[in-house]
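Asker: Predicted structure and sequence below. I'll ask about it afterward.
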Amino acid sequence: MSKPILWIVIPCYNEEQVLPITAPMFLEKINSLAAQGLVSEKSRVLFVNDGSRDKTWELIQGFAAQDEHFIGISQSRNRGHQNAVLAGLMEALHSGTCDITISIDCDGQDDINAMDEMVKKYLAGAEVVYGVRSRRDTDTFFKRFTAEGFYHVMNALGADIVFNHADYRLISTRVLESFADYKEVNIFLRGMVPLVGFKSEVVTYERHERLAGESHYPLSKMLALAFDGITSLSNKPIRIITGAGIVVSLISFIGVIWAIIDAILGSVVAGWASTICIVCFVGGVQLVCLGVIGEYIGKIYMETKARPRYIISERTWAPYERKYHG
C-alpha cells in the first residue's frame with residue numbers, strides 16, 4: 001500500500017492566542033508521521049477559520065506563507081463548530097489529493113500523539129478510527145456528570161454514538177464519499193459518522209487542559225449541541241410524548257369516573273386546591289410536549305430550506321477554479 005496523504009482538519013474560532021502554540025505541534029506531527037513512513041510527505045494541515053473576529057485568519061495566512069504543509073480556508077461568517085469541521089472534511093474530499101483526514105480542535109486538549117495509532121489502525125484496515133477519552137479527570141463534576149449522562153441518554157434513545165467520543169477521529173476518503181450524500185442541515189457529526197458504517201476502531205487517549213485562550217463552548221452551546229444531537233438522530237422523544245399523553249389521558253379518565261361516582265353518592269367535597277394542581281400539571285405537560293414537537297418542526301423547517309451548510313469565502317490555496325460550498 002502506498003503512503004496515504006493525510007489532512008489534519010482543524011476548526012478555529014477566535015484562536016489567536018493558542019494557534020501560535022499548537023500550529024508548530026501539528027506541523028511537527030505531520031513531519032513525524034512522514035518520517036516513520038506512515039503518511040506521505042504531501043500531507044497537509046488544514047485550518048478552517050469559522051468567521052473569527054480576531055487575528056486568527058491572518059495567522060493562518062502567515063502559516064501558509066511560511067510552510068507549504070499549512071493551508072487554510074475561511075468561512076464567510078461564523079456557522080458553528082460542526083459546520084466548520086464539515087467544511088474542512090469536504091474541502092479535503094473535493095481536493096482530490098487526500099486519502100485520510102483527522103479532525104481535531106486547535107486548543108491542544110486532545111493528545112495529538114494518538115494520531116500515530118489512528119493511522120496504524122487505518123493501515124491495518126479500519127476506515128474510521130474514533131478518538132475516545134480514557135478518563136475525564138480534567139472536567140468538573142458537573143461537566144463530567146452531564147456529559148456522560150448525555151451519552152447514556154443518546155444510547156437509550158437508540159442513537160449509535162461512541163461513548164466519550166467528541167470530534168477527534170480519522171475518516172478515510174472512501175467513507176467521506178458516502179458521508180457527502182448526507183445532506184441534512186442540522187449537523188451532529190459524532191452521531192452521523194457511525195450511521196455511514198464501514199469498519200471502525202477506537203483509540204483511547206488522555207485529554208489535557210487547554211494550552212491557551214478560553215473555551216468557546218459555554219453551557220448554553222453544549223446544551224444546544226445536545227438538543228441538536230437528540231432531535232437529529234432520534235424520534236423517540238415524540239414517542240415518549242405519545243406514551244405520556246396516553247398515561248395522562250387514562251388517569252384523567254379514571255378521575256372523571258371517580259368524580260361521577262362521588263357525585264352520585266353525594267359525597268362531593270368542593271376544593272379549589274386539587275383542581276388548580278391538576279390544571280397546572282396538565283398544562284405544564286402540554287407546554288413541554290408542544291416545545292419538543294416544536295423543536296422537530298423547527299428542524300423540518302430548516303431542512304426544507306436546504307440552505308448551504310457552509311460557504312468558503314477565502315482560501316490560502318487554489319485547488320480548483322470553482323469555489324465549492326455545501
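Answerer: It's in. Residues are numbered from 1 along each chain as shown.

Asker: can you map out the strands along the chain?
Answerer: 6-12, 44-49, 70-75, 100-103, 128-133, 165-172, 200-205, 312-315 (DSSP state E).

Asker: quick one, which of those strands is nearest to residue 281?
Answerer: Among the strands of the chain, strand 165-172 comes nearest to residue 281, with 38.3 Å by Cβ to Cβ. All C-beta spots, glycine's among them, are computed from the backbone N, C-alpha and C.

Asker: Check which helices and strands that closest one sits against.
Answerer: helix 81-95, strand 100-103, helix 114-123, strand 128-133, helix 189-196 (3 or more Cβ pairs under 8 Å, 6 or more residues apart in numbering; DSSP states H and E).

Asker: Quick check: buried residues in it?
Answerer: 165, 166, 167, 168, 169, 170, 171, 172 (16 or more other Cβ atoms under 10 Å).

Asker: Out of the helices and strands packed on strand 165-172, name the one with the poorest average pLDDT.
Answerer: Note on the helices and strands packed on strand 165-172: helix 189-196 shows the lowest mean pLDDT, a mean of 85.

Asker: Against which helices or strands is that one packed?
Answerer: Secondary-structure packing of helix 189-196 (3+ Cβ pairs under 8 Å, 6+ apart): helix 81-95, strand 165-172, helix 173-179, helix 219-233.

Asker: Need the contact partners of the first one.
Answerer: If I follow you right, that is helix 81-95. Helix 81-95 has contacts (Cβ atoms under 8 Å, 6 or more residues apart in numbering) with 7, 9-13, 46, 48, 50, 73, 75, 79, 98, 101, 103, 167, 171, 173, 176-177, 179-180, 187-189, 216-217, 225, 309-310, 312, 319-320, 324, 326.

Asker: ok, of these, which come out buried?
Answerer: Here, 16+ other Cβ under 10 Å leaves 7, 9-13, 46, 48, 50, 73, 75, 79, 98, 101, 103, 167, 171, 173, 176, 179-180, 187-189, 216, 225, 309-310, 312, 324, 326 buried among those.

Asker: Surely residue 193 touches residue 167?
Answerer: No: contact criterion Cβ atoms under 8 Å: residue 193 and residue 167 do not qualify, at 9.2 Å.

Asker: Look up how far residue 15 lies from the closest residue to residue 37 other than its chain neighbours.
Answerer: Spatial nearest neighbour of residue 37, excluding adjacent residues (Cβ to Cβ, 6 or more residues apart in numbering): residue 3 at 6.6 Å. For residue 3, the distance to residue 15 equals 30 Å [Cβ to Cβ, to the nearest Å].

Asker: Comparing those two, which shows the higher neighbour count?
Answerer: Counted by other Cβ atoms under 10 Å, residue 3 and residue 15 do not tie: residue 15 has more neighbours, with 28 against 17.
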